[in-house]
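[1] predicted model and sequence below, questions to follow.
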Amino acid sequence: MSVDVEDWFQVGAFEQVIERSSWDSLTPRVERNGRAVLDLFERTGVKATFFTLGWVADRYPALIRKAVEAGHEIASHGWDHRRVFTMTAEEFRADLRRARTAIEDACGLSPSGYRAPSFSIDKRTPWAHRVLAEEGYAYSSSVAPIIHDHYGWPEAPRFVHRPLADADLLELPVTTVELGGRRLAAGGGGFFRLLPYRFSSWAVSRVNAGDDRPAVFYFHPWEIDPGQPRVVHAPLRSRLRHYTNLKRMEGKLLRLLKEHRWGRTDEVVARERDRLQ
Ligand SMILES: [Zn+2]
């Protein structure tokens with residue numbers, strides 16, 4: 001189970017309408033929402049991974065420390081949500097280092113995991129896993145092995161693999177299911193909010209029991225916040241994706257957390273590593 005820790009104005013869907021330079025002038029909700037997420041995990045006894053933006057760790061270190069104290073894993077989501085395929089290898093390296101420093105300063109722990117903003121490691125970034133290995137990461141959960149309008153690497157393996165022949169780095173792609181010859185996204189995000197609960201729950205069971213693999217699921221703190229400010233000038237499609245079913249999200253998540261077994265990504269990676277050997 002994982003949370004991509006970013007605020008309502010930092011999402012890929014609003015990238016074209018909200019400048020990074022304006023972020024500090026917008027009403028922050030991530031600390032409040034992050035605490036609500038911690039509460040959900042406490043109520044259900046779930047330990048999870050918080051893939052945190054360096055930008056967020058820098059401004060809200062108390063939230064990061066609270067997650068660590070509660071037994072969750074802190075991993076990196078990059079510095080300021082720049083998608084990997086928009087950067088050069090060296091810019092990516094600098095982004096990783098800046099985020100790592102902010103996370104270390106916030107909680108005293110160094111992340112061993114990384115998730116690319118908007119699953120932006122794909123065939124356009126053949127250097128990305130190499131840079132992650134060189135920067136000391138043990139795993140990445142940055143690939144969406146599907147066709148999607150914003151992201152995706154449909155040729156990538158669906159389950160854990162070693163993307164580099166000469167390094168130990170593991171890639172743990174976000175969960176998909178195969179149905180009638182088609183591969184469908186089933187690891188969270190907008191799909192979880194838009195589709196009926198029973199689809200996601202069925203997909204997790206199918207991956208666990210049918211494929212005998214852990215499911216890799218993610219959501220965002222802003223998804224349980226119906227009171228967040230509305231970005232009225234964003235394209236309709238982005239607004240539909242961002243705001244649909246926010247009110248029902250918390251109840252759905254509670255059910256998902258209770259009805260399946262979940263753990264931290266680093267622990268899942270350790271088990272998968274044993275299996276690969
Ligand atoms: Zn993100």
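    That came through, no problem.
[2] only C-alpha atoms for contact and neighbour calcs from this point on.
    OK.
[3] report the separation between the residue of the chain positioned farthest from its centre and residue 132.
    When distances are taken from the C-alpha mean of the chain, residue 180 lies farthest, 27.1 Å away, according to Cα atoms, centre = their mean. Counting by Cα to Cα, to the nearest Å, the gap from residue 180 to residue 132 is 35 Å.
[4] and what of residue 21?
    Residue 21 is 27 Å from residue 132, where distance means Cα to Cα.
[5] looking at the two, which is more packed in?
    Ranked by neighbour count (other Cα atoms under 10 Å), residue 21 and residue 132 place residue 132 first, with 20 against 7.
[6] packing partners for the helix or strand where the more buried one lies?
    Per DSSP states H and E, residue 132 falls inside helix 128-134. Packing partners of helix 128-134 (3 or more Cα pairs under 8 Å, 6 or more residues apart in numbering; DSSP states H and E): helix 89-107.
[7] what comes up buried for the helix it packs on?
    89, 92-93, 95-104, 106-107 (16 or more other Cα atoms under 10 Å).
[8] and the strands in this protein?
    Secondary structure of the chain (DSSP state E): strands at 2-5, 49-52, 73-76, 113-114, 139-140, 170-171, 176-179, 182-185, 218-219.
[9] export these to TSV and append columns for distance to residue 59, mean pLDDT and mean neighbour count.
    Shown next, in TSV, are the strands of the chain (distance: least, Cα to Cα, whole Å; pLDDT from 0 to 100; neighbours: other Cα atoms under 10 Å):
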stretch	distance to residue 59	mean pLDDT	mean neighbour count
strand 2-5	12	98	24
strand 49-52	12	98	27
strand 73-76	15	98	28
strand 113-114	19	98	26
strand 139-140	24	98	28
strand 170-171	29	98	24
strand 176-179	34	92	17
strand 182-185	32	90	16
strand 218-219	21	98	21
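[10] need those in TSV with distance to residue 243, can you?
    Output for these, formatted as TSV (distance: least, Cα to Cα, whole Å):
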stretch	distance to residue 243
strand 2-5	17
strand 49-52	22
strand 73-76	25
strand 113-114	26
strand 139-140	28
strand 170-171	30
strand 176-179	23
strand 182-185	19
strand 218-219	14
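[11] out of the ones you listed, nearest to residue 203?
    Closest to residue 203 of these, according to Cα to Cα: strand 176-179, at 6.2 Å.
[12] partners of the closest one, with directions?
    Here strand 176-179 has these sheet partners by DSSP bridges: strand 182-185 (antiparallel).
[13] residue 117 and residue 78: what is the separation?
    Here the criterion is Cα to Cα. By it, residue 117 lies 7 Å from residue 78.
[14] more neighbours: which of these two?
    Taking neighbours as other Cα under 10 Å, residue 117 and residue 78 compare with residue 78 leading, 27 against 24.
[15] quick one, what contacts that one?
    If you count contacts by Cα atoms under 8 Å, 6 or more residues apart in numbering, residue 78 has them with 52, 53, 54, 95, 96, 98, 99, 114, 115, 116, 117.
[16] so for residue 277, which of the strands of the chain sits nearest?
    The minimum distance between residue 277 and the strands of the chain falls on strand 170-171, with 12.1 Å, by Cα to Cα.
[17] so what secondary structure elements neighbour the closest one?
    Here strand 170-171 touches strand 139-140, going by 3+ Cα pairs under 8 Å, 6+ apart.
[18] residues making contact with the strand it packs on?
    112, 113, 114, 115, 129, 132, 169, 170, 171, 172, 266, 269.
[19] also stretch 114-124?
    12, 51, 75-78, 81-85, 128, 137, 139-144, 150-153.
[20] the same query, at a cut-off of 6 Å, please.
    Contact with stretch 114-124 is made by 75-77, 81, 83-85, 140-144, 153, as judged by Cα atoms under 6 Å, 6 or more residues apart in numbering.
[21] same deal with stretch 52-69?
    If you take Cα under 6 Å, 6+ apart as the criterion, stretch 52-69 is touched by 5, 76, 77, 78, 79, 80, 99, 102, 103, 106, 107.
[22] list the contacts for the last one?
    By Cα under 6 Å, 6+ apart, residue 107 lies in contact with residue 65.
[23] quick one: which of the buried residues of helix 89-107 is nearest to residue 17?
    For these, the minimum distance to residue 17 (Cα to Cα) is 22.1 Å, reached by residue 95.
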